[in-house]
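S.K.: Turn this into a structure:
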Amino acid sequence: MESIQASLKKWMQDKQSFQNVYKQMKFDVLNDPEIKQLIMDHPELTDHAIDRQLIKLYEYYSQNKDCRNCPEQGCQHNILPGYKPRIDVVGSEIHLSYEKCKYTLLREEQQKRASLIKSLYMPKEILKASLADIDDHNPARHQAIRELIHFVNQVDNALPKKGLYFHGPFGVGKTYFLGAVANQLAEKGIASMLIYMPEFVREIKSSFKDDSVDEKIDQFKHIPVLMLDDLGAETLSAWFRDEVLGSILQYRMMNELPVFFTSNFTLPQLEKHLAMTSRGDVEELKAGRIIERIRQVSKPVEIKGDNRRNDL
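M.R.: Numbers count the residues shown, from 1 in each chain. Have a look, this model is predicted:
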């Protein structure tokens, strides 16, 4: 394809050719319905003013302005990809500017929402979960769904002080509930963090190598909504239980920041599990403190149903 510079050079050398191209360009521009209406609405745009600014009118004419033509890629072929031209007339002067098309705005909003959901080792399908896709056919799940919706509705006024402690058998969709509420919170501009507990433990252990433990723990303390998935999936060391998990929950309890949990254990069962340390010691009092903090930052809710992973 011949470059614009080369074409212009030829036109300038061939006066007749340049005049023909100019006339055609002017004809196309001035017969565009939108530009015709613009000229009618602004009688101050004299023939002289139009000729002087024809290149601006041509630029506006040649750009995609209808988002229905580009639902997938936005205005990608415009001079500024993803931007639509806007034309304004002040006196006899034409001003051309560009603004983001609706699909560019939509993509940016989606990216913004996605950035509000921070996760550690969570499956991609969970991060795409939605309240609308939660299976509500089983009446045994209705109470959990109602509690979830109630929490989300409260957010419109203020962030609730308590999250939810979802407990139930393996494979009933507890983690999906977390993903659904995280996405709903993102729609409302509220950041959340989803953490798969077994990998979280390993993450903290590996952080000793670069002295980033305190920095990471602070993130878990301060995020508006914290979500701990599969609590009790492994035996914790006494140090992790008290200094990491206990510290995070204590801070969030004192600052009235909600926490969501999923676990195969009820709270009494989890208390017995946490009392047993990785060294085989039994520390019922310290485990009881963790459970009390969990009660202060969440409300226990049972999720029942069939094991959905048997269908995979």
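
S.K.: Identify the residues contacting residue 245.
M.R.: Contacts for residue 245 (CB atoms under 8 Å, 6 or more residues apart in numbering) come out as 236, 290. C-beta: built from backbone N, CA, C; applies to glycine.

S.K.: pLDDT at it, what is it?
M.R.: Residue 245 is assigned 94 on the pLDDT scale.

S.K.: What of the one 3 residues further on?
M.R.: According to the prediction, residue 248 has pLDDT 96.

S.K.: Would you check how far apart residue 154 and residue 204 are?
M.R.: Computed as CB to CB, to the nearest Å, the residue 154 to residue 204 distance reads 31 Å.

S.K.: Which parts of this protein are strands?
M.R.: Applying DSSP state E to the chain gives strands spanning 83-90, 93-100, 117-120, 163-167, 192-196, 225-229, 259-263, 298-302.

S.K.: what about residue 110, how many neighbours?
M.R.: The number of residues packed near residue 110 is 11, by other CB atoms under 10 Å.

S.K.: Start the count at 279 instead of 1 going forward.
M.R.: Got it, the first residue is 279 from now on, which makes the last one we talked about residue 388.

S.K.: Next, work out how far apart it and residue 380 are.
M.R.: Distance of residue 388 to residue 380, computed by CB to CB: 12 Å.

S.K.: so what's residue 535 up against?
M.R.: Counting by CB under 8 Å, 6+ apart, residue 535 touches 437, 439, 502-504, 529, 575.

S.K.: who's more crowded, residue 432 and residue 482?
M.R.: Neighbour totals were compared for residue 432 and residue 482, and residue 482 leads with 19 against 14 (other CB under 10 Å).

S.K.: Can you give me the pLDDT of the more buried one?
M.R.: Looking at residue 482, the pLDDT reads 86.

S.K.: Wait, it touches residue 493, no?
M.R.: No - under the criterion of CB atoms under 8 Å, residue 482 makes no contact with residue 493, lying 11.1 Å away.
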